[in-house]
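Peer 1: quick one, structure for this:
(one chain, ligands or ions: 1)
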Amino acid sequence: VQPRHDLVIRHATVVSDGVAATADIAVANGRIANVGTLTGEAAATEVDASDLVAIPGVVEMHAHLREPGLTHKEDVATGTRAAACGGVTTVCDMPNTLPPVATERAFREKAEAIGGSCWVDVGLWAGGTKPDELRGMRRAGAIGVKVYMVSGPGFEPLYTGDIPTLESVLAVAKETHWLVAAHVGDDNLAAAERQGLIAAGRNDARAFLALQHGDASLTGLRRYLDTARRVDVPVHVAHLSIFGVEALETVRRARAAGATVTTEACIPALGSRDLDRLGIYALASAMEDRDVEIWWRAIADGEIDAIATDHAPHTRAEKAPGERDIWAAPPGHPALQTTLPLAYDAVLTGRWSIESLVDAMASRPARLLGLHSKGRIAVGADADIALLDPNGSWTVDQAELESKVGWSPFDGRTLRGRVHSTYLRGRLVARAGEIVAEHPTGYVLARRD
Ligand SMILES: [Zn+2]
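Peer 2: Residues are numbered from 1 along each chain as shown. Have a look, this model is predicted:
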């Protein structure tokens, strides 16, 4: 008898579309062919997943893979290897590479250049500085357009400070049914607030938080939401959680007033003690303990649309000046390999449910990004699957992680549960924290809806 399927995963607890139930998953030609009790169906490869949980591979909206131009920090190969080991099967890469992705030409060159290096699928964001270039990047398959309303370290070339340009970007997004995401802020206010903190002798990690949570961020957020309202287009806010609880309140008020706004949060896994111990290495996702609880509630309630890693690696040498002076080093830390493990640990310790995890880390991001074959374990979907072991555990060892920078703010943490294995279109890519595939088979995804 010829095997009917390439792969059958048997007796897993399958979580998709808000339901967790025991089932078998059959895979043929990279897609899910059947889900259910599949007693008669043979396959070339059979996996007994009796004690495992099968979730759709994580769809990561917000990562910095640093290629081209910044490959001393990370590259597409190392970043997507980290993703695969961390149960992430789609990574959407931000446009602040060198050159920045602000033209159709730069977009096409980047997509072409990284084609053979992707260990998982990769989507590319367009940068929203040149309205005339946007339609070209949309046609070329960019998954969304990112606007930087501040000119912080590493994204100066993508700065869109003026409202008319922002309006033009939003108008194109509306016309082409494209996702627009903003790093909100106000550059002039931020510079003044920062000068004030420096003048007061503040150069510690909490001063950085004060700036992130301050008037510049909140003013930028309100301006973004107001502009979206005027243009009448849904908008997305990148890493809302770094802007503090008042930013969450601002979004609540805007929603109550009728705004269509989606948000992402970094996983609230770095609290006050981490901030004190790690300083610059815990930024920008670290928050005060009292805020950790508030963000977890918003995430568990589904008020936050997506968990994003904001994987933003910098080398230790680049970070080191920040140990004495917080303003002397860029914020950002690697997170692609650790976010699902942290999120799953939070499921096993009762902070939120596995159904909500799948919703915030796979299904909703896939929908927002127009990636309709992702984010579900259902017939016809890409067979991107992470198997989780609720009985396992994992101690993060930064020396073992795939990211090029070799450090992690989560080093030494022991987590309940672990990512058992990761399948991309039915092919086993990673198992027990190691890449087992022989070569990269990820695609550069194009948004076609
Ligand atoms: Zn970012």
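Peer 1: please state the offset of the longest helix along the chain from the chain centre?
Peer 2: What stands out as the longest helix in the chain, according to DSSP state H, is helix 215-231. Computed by Cα atoms, centre = their mean, to the nearest Å, the chain-centroid distance of helix 215-231 equals 23 Å.
Peer 1: rounded mean pLDDT for that helix, please.
Peer 2: In this model, helix 215-231 carries a mean pLDDT of 97.
Peer 1: buried residues, stretch 123-143. List them.
Peer 2: 123-131, 133-134, 136-138, 140-143 (16 or more other Cβ atoms under 10 Å). Just so you know, the C-beta spots here come from the backbone N, C-alpha and C atoms, and that holds for glycine as well.
Peer 1: just to revisit the earlier point, kindly export the longest helix of the chain (C-alpha atoms) in CSV.
Peer 2: Extracted in CSV, the C-alpha atoms of helix 215-231 (Å, rounded to 0.1, in the frame of the first residue of the first chain):
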residue,chain,number,x,y,z
ASP,A,215,4.1,62.6,27.2
ALA,A,216,6.0,62.2,23.9
SER,A,217,4.8,58.6,23.4
LEU,A,218,1.3,59.4,24.5
THR,A,219,1.0,62.5,22.3
GLY,A,220,2.3,60.5,19.4
LEU,A,221,-0.2,57.7,20.0
ARG,A,222,-3.1,60.2,20.2
ARG,A,223,-2.0,61.9,17.1
TYR,A,224,-1.7,58.6,15.2
LEU,A,225,-5.2,57.5,16.3
ASP,A,226,-6.6,60.9,15.4
THR,A,227,-5.1,60.9,12.0
ALA,A,228,-6.4,57.3,11.4
ARG,A,229,-9.8,58.5,12.4
ARG,A,230,-9.6,61.4,9.9
VAL,A,231,-8.5,59.1,7.1
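Peer 1: one step back: just the buried residues of stretch 123-143: which are in helices?
Peer 2: Members of the buried residues of stretch 123-143 lying in helices (criterion: DSSP H): 131, 133-134, 136-138.
Peer 1: what does the longest helix of the chain rub up against?
Peer 2: Helix 215-231 has contacts (Cβ atoms under 8 Å, 6 or more residues apart in numbering) with 149-150, 163, 166-167, 170-171, 174, 182, 184-187, 189-190, 192-193, 211, 234-235, 237, 243-244, 246-247, 250-251, 254, 259-261.
Peer 1: and with 7 Å instead?
Peer 2: 149-150, 163, 166-167, 170-171, 174, 182, 184-186, 189-190, 193, 235, 237, 243, 246-247, 250, 254, 259, 261 (Cβ atoms under 7 Å, 6 or more residues apart in numbering).
Peer 1: which among those count as buried?
Peer 2: Among the contacts of helix 215-231, those buried by neighbour count (16+ other Cβ under 10 Å) are 149-150, 166-167, 170, 174, 182, 184-186, 189-190, 193, 235, 237, 243, 247, 250, 254, 261.
Peer 1: assign M61 to helix, strand or coil.
Peer 2: Following DSSP: H, G, I helix; E, B strand; the rest coil, we place M61 in the strand state.
Peer 1: so what's G136 up against?
Peer 2: G136 is in contact with E104, counting by Cβ under 7 Å, 6+ apart.
Peer 1: any idea how far S408 is from it?
Peer 2: According to Cβ to Cβ, to the nearest Å, G136 stands 38 Å off from S408.
Peer 1: and for V58?
Peer 2: 17 Å.
Peer 1: more neighbours, those two?
Peer 2: Between V58 and S408, counted using other Cβ atoms under 10 Å, V58 has the larger neighbour count: 32 against 23.
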